[in-house]
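Asker: Just the structure for this:
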Amino acid sequence: MGENSVPHWWDHLHCAMSHYKFVLAIENTMTESYVTEKLYYALDSGAVPIYFGAPNVWDFVPPNSIIDGSKFSSLEELASYVKELADDPIAYAEYHAWRRCGVMGNYGKTRATSLDTLPCRLCEFVSRKGGRNARAL
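Answerer: From the prediction side, this is the model:
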């Protein structure tokens, strides 16, 4: 972001989420393969997402990177698990192992083709072609 540029709403959102260990990521529907920026923003912020959405979410995220809220029999059970996890630094760190070991699963491919990463990909493409001095893209 340049000096004169105004932060976008997602910059504020990312900053806010980065202050928390856990962030709720709730999709509008629980439809197969419907995974949106709600989950990816939470993952990108450094928090552990507590996710409610696509039943096949594990096809889109690194292993052991989220808490699948649908796997708990009640909100009380989920809350108890989250509290235990927050109080156990070793168990909590396991949810971030993928960050240290590199992106695993389909997450890297999914993020690389995601609409919200398009501006970055365009800049990289233009840069590889010589930037402003490129004659033809």
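
Asker: Which strands and helices lie in contact with whichever strand or helix holds A91?
Answerer: A91 is part of helix 89-94, with elements assigned from DSSP states H and E. Contact here means 3 or more Cβ pairs under 8 Å, 6 or more residues apart in numbering; DSSP states H and E; on that basis helix 89-94 packs against helix 75-86. (Glycine included, C-beta is placed from N, CA and C.)

Asker: what's around Y40, how many residues?
Answerer: Residues lying near Y40 (other Cβ atoms under 10 Å) number 20.

Asker: quick thing: my sequence starts at 404, can you match it?
Answerer: Sure thing, new numbering starts at 404, so read that last one as Y443.

Asker: would it count as being in a helix?
Answerer: Yes: when DSSP: H, G, I helix; E, B strand; the rest coil is applied, Y443 is found to be in a helix.

Asker: How about the contacts made by Y498?
Answerer: Residues in contact with Y498, defined by Cβ atoms under 8 Å, 6 or more residues apart in numbering, are 451, 467-470, 488.

Asker: hmm, which two among those residues are most spread apart?
Answerer: Maximum pairwise distance in the contacts of Y498, criterion Cβ to Cβ, is 13.0 Å, between S468 and L488.
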